[in-house]
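1. got a sequence here, can you model it:
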Amino acid sequence: MSAFPTIVKPDGTSQGFDKARVYKWLQRRGLSRVDSTSVFVRIKAALRAHGQPTISLRDYQAIMAAAIGEVTGAPPPPPPPVETASNASLTPSTSGAAPGQPGQFFTWAEFERSGTATARGIDNSIPGWAEDDITALCFYCLDPLRRYLGVTLKITSGFRSVALNNATNGAASSQHTKGQAADIKTVSIEAGTHDSGWLCRQVLNAGILFDQCIWYSIDRGGHVHISYNVDAGVAGQRQRVLYAPAHRTDYIDKLPS
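-> Have a look, this model is predicted:
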């Protein structure tokens, strides 16, 4: 019998803890051999301490993220706020997130949903290889931001298949096609009470670890694009903030006021 719990994926399938694969995965993401070994030791210890025969993929990835943070010194996601009367009744997401979903507050369906895909009959199903990227995006960016704000975040564009990305004139290198990015809004943005600059500022105030955060002018959607690049590793996130100005198609380096 293995000394480690079986990892259960969102689709119900499972896999064993592959030590060689994990070690190679860490090194591919830029960690030195010494740091990879240190992270690996922490992961094994946490899995042994788990004390259950199975562990969800999300919890397993949380263990990995925590171990990487301890070794590299990267800031961990903000802790959940103390429950108050104003946030105690908040539901996990607009569609009721359940165990086995990519995040505490987000579902696979939210990442697949697309009006364009529905209207044009485009298959926007999330492939297995993108699941880890989406889960990491939730863990590092979306869930911490949702906890910080205490209000629902709406994903206006999540995963995009190549066909959907082409249909929406997305960039060929778009992180949406890898499951590494999401465009988000709040109800207050849709109501005109706040704008994308405000939401971008909340991302920065919350200390979110991200690769890119782009805030869009109203005529270009009025949303915030946030991404986490799994391939770059925790220490490789650029923390780059860009603005998408009106009546243009490019982006400029600009912080919200």
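2. how about low-confidence regions in the protein?
-> 1-2, 10-11, 25, 27-30, 74-99 (pLDDT under 70).
3. ok, longest helix in it?
-> Scanning the chain for the longest helix, with DSSP state H as the assignment, gives helix 33-50.
4. buried ones in that helix?
-> Going by neighbour count (16 or more other Cβ atoms under 10 Å), the buried part of helix 33-50 is 35-36, 38-40, 42-44, 46-47. Backbone N, C-alpha and C define where each C-beta goes, glycine included.
5. what of stretch 218-226?
-> 220, 222-226.
6. go ahead and measure how far it is from the middle of the chain.
-> Relative to its chain's centre, stretch 218-226 lies at 18 Å (Cα atoms, centre = their mean, to the nearest Å).
7. mind starting the numbering at 36 from now?
-> Yes, from this point I'll number from 36; that puts the last item at stretch 253-261.
8. closest to P88 among the buried residues of stretch 253-261?
-> Nearest to P88, judged by Cβ to Cβ, of the buried residues of stretch 253-261 is I261 at 35.6 Å.
9. that closest one bridge partners, please.
-> Using DSSP bridges, the beta-bridge partners of I261 come out as A217, C248.
10. hang on, the earlier thing: packing partners of the next helix or strand after the longest helix of the chain?
-> Sequence-wise, the next helix or strand downstream of helix 68-85 (DSSP states H and E) is strand 89-91. Applying 3 or more Cβ pairs under 8 Å, 6 or more residues apart in numbering; DSSP states H and E, we find strand 89-91 packed against strand 41-43.
11. contact partners of the strand it packs on?
-> If you take Cβ atoms under 8 Å, 6 or more residues apart in numbering as the criterion, strand 41-43 is touched by 49-52, 88-92, 95, 135.
12. by neighbour count, which of these wins?
-> Y95 (25 neighbours; other Cβ atoms under 10 Å).
13. ok, for it, nearest residue in space, not its chain neighbours?
-> Computed as Cβ to Cβ, 6 or more residues apart in numbering, the closest residue to Y95 that is not its neighbour in sequence is I42, at 5.0 Å.
14. coming back round to it: so which of the buried residues of stretch 253-261 is the closest to M99?
-> I261 (20.8 Å).
15. do I have it right that H260 meets Q215?
-> No: H260 lies out of contact with Q215 (Cβ atoms under 8 Å); the separation is 10.9 Å.
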